[in-house]
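**Q** 3D, please:
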Amino acid sequence: MQRVTLLEYQNYRYLKASAALMVTAILAYALHHPALGPYGGTWLGYTLGCTGIAIIALLLWYGVRKRRIPSQPERRKMRHHVYVSESATAMQDRRSAYPLRDRTPTMQGWLSAHVYLGISLVILITLHSGFHFGLNVHTLAYILMMGVIMTGLYGVYAYLRFPRLITENLGDATFDGLLLQIADLDKQLFSLVLQLPKEIREFVLDEIRETRIGGHWREQLNPHRSNRRVGMTISHLQRFGKTLNPQQSKIHRELYSLMVTRTALTLQARRDVMLRARLEFWLYLHVPLAIALVCALIIHVVSIFFYW
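**A** Model (predicted):
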């Protein structure tokens, strides 16, 4: 049986509730005709604004209460370099676990409500403003809210898509296992390359030393440049074999076979890092934007009640 996603929870319960809330707000806005035109200071404007604040407070409460941050050794730092020559213990310390997700029906329901109520804010707060925007803190709060919603929508997309891709990429393997296999291949390559000419030896050893899995956050999110270099390495190594004698050619073929295997494992490990980084990076935008929204919202409310 196919697993129900957070968007489908209880036959789209919270989608229906949010849709009803948005439709009600739109109808009220269409039927409301204040003398000075629609704006946040009318009874409807205050109603929509207070409803929006209540929803934002509920969403923030859920985020603070349920966001469990893994311990430092378990998180892959966005700027940390992971070298395949590290010890097995160090490799395990670099391991990044799946982001913790609520799996119980109750928590899935809270998350479903979090998503749909967050989307409803686009309608509620836009109508609350009466479409009056300018260079002020009120518009800043609106922009920050939209930023929080957009990054949250990406988070929904990421959680629905990337865990499956991560599982498909690793198969029966693990990230730690890939690093250990690469480290074992490096030992075999080192013993073989010592029997080949200096040019090949230096080329292979440089490749081993310079191989990096992880790196800066940009490299984690987009490792294609590093992957292209891997393909060039295999091509260069293949050309080296044309100048060797029969005995060296046999060693070179074994070396080449190991290097191809190592390349495949390296690409697989880098893809795992990339998928996990793309799964997690939105939080580095979502959470700061949410904090900034709270600050701007407080200023917005205080300025409304004390200066208007």
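
**Q** Okay, residue 129 and residue 303: tell me how far apart.
**A** 14 Å (CB to CB, to the nearest Å). Backbone N, C-alpha and C define where each C-beta goes, glycine included.

**Q** Low-confidence stretches in this protein?
**A** 1-4, 65-105, 225-231, 241-242, 307-308 (pLDDT under 70).

**Q** how about the helices in it?
**A** Assigned by DSSP state H, the chain shows helices spanning 9-31, 43-66, 88-94, 105-129, 137-170, 175-193, 198-210, 217-221, 224-240, 246-280, 283-307.

**Q** wait, which of those is closest to residue 37?
**A** helix 43-66 (10.7 Å; CB to CB).

**Q** Any buried residues in that closest one, and which?
**A** Under the neighbour-count criterion of 16 or more other CB atoms under 10 Å, helix 43-66 has 44, 45, 48, 49, 51, 52, 53, 55, 56, 59, 60, 62 buried.

**Q** do stretch 134-149 as well
**A** Result for stretch 134-149 [16+ other CB under 10 Å]: buried residues 138, 140, 141, 142, 144, 145, 146, 147, 148, 149.

**Q** Please apply the same query to stretch 191-199.
**A** Buried residues in stretch 191-199 (16+ other CB under 10 Å): 192, 193, 196.

**Q** got the contact list for that stretch?
**A** Contact with stretch 191-199 is made by 200, 201, 204, 205, 240, 244, 248, 251, 252, 254, 255, 258, as judged by CB atoms under 8 Å, 6 or more residues apart in numbering.

**Q** Show me how the chain divides into domains.
**A** Split into domains by automatic domain parsing, the chain comes to 6-76+101-169+286-307, 175-278.

**Q** Contacts only, for the nearest residue to residue 299 once chain neighbours are set aside.
**A** Nearest residue to residue 299, sequence neighbours excluded (CB to CB, 6 or more residues apart in numbering): residue 137, at 5.1 Å. By CB under 8 Å, 6+ apart, the contact set of residue 137 is 296, 299, 300, 303.

**Q** so which of those is the most crowded?
**A** residue 300 (21 neighbours; other CB atoms under 10 Å).

**Q** any idea how far the residue nearest to that residue when sequence neighbours are not counted is from residue 134?
**A** In this structure, residue 300 finds its nearest non-sequential neighbour in residue 141, 4.7 Å apart by CB to CB, 6+ apart. Separation of residue 141 from residue 134 (CB to CB): 12 Å.

**Q** same question, residue 188
**A** 67 Å.

**Q** Please apply the same query to residue 245.
**A** 79 Å.

**Q** same thing with residue 109?
**A** Distance from residue 109 to residue 134, by CB to CB: 39 Å.

**Q** Relative to residue 124, which of the contacts of residue 137 is nearest.
**A** residue 300 (14.6 Å).
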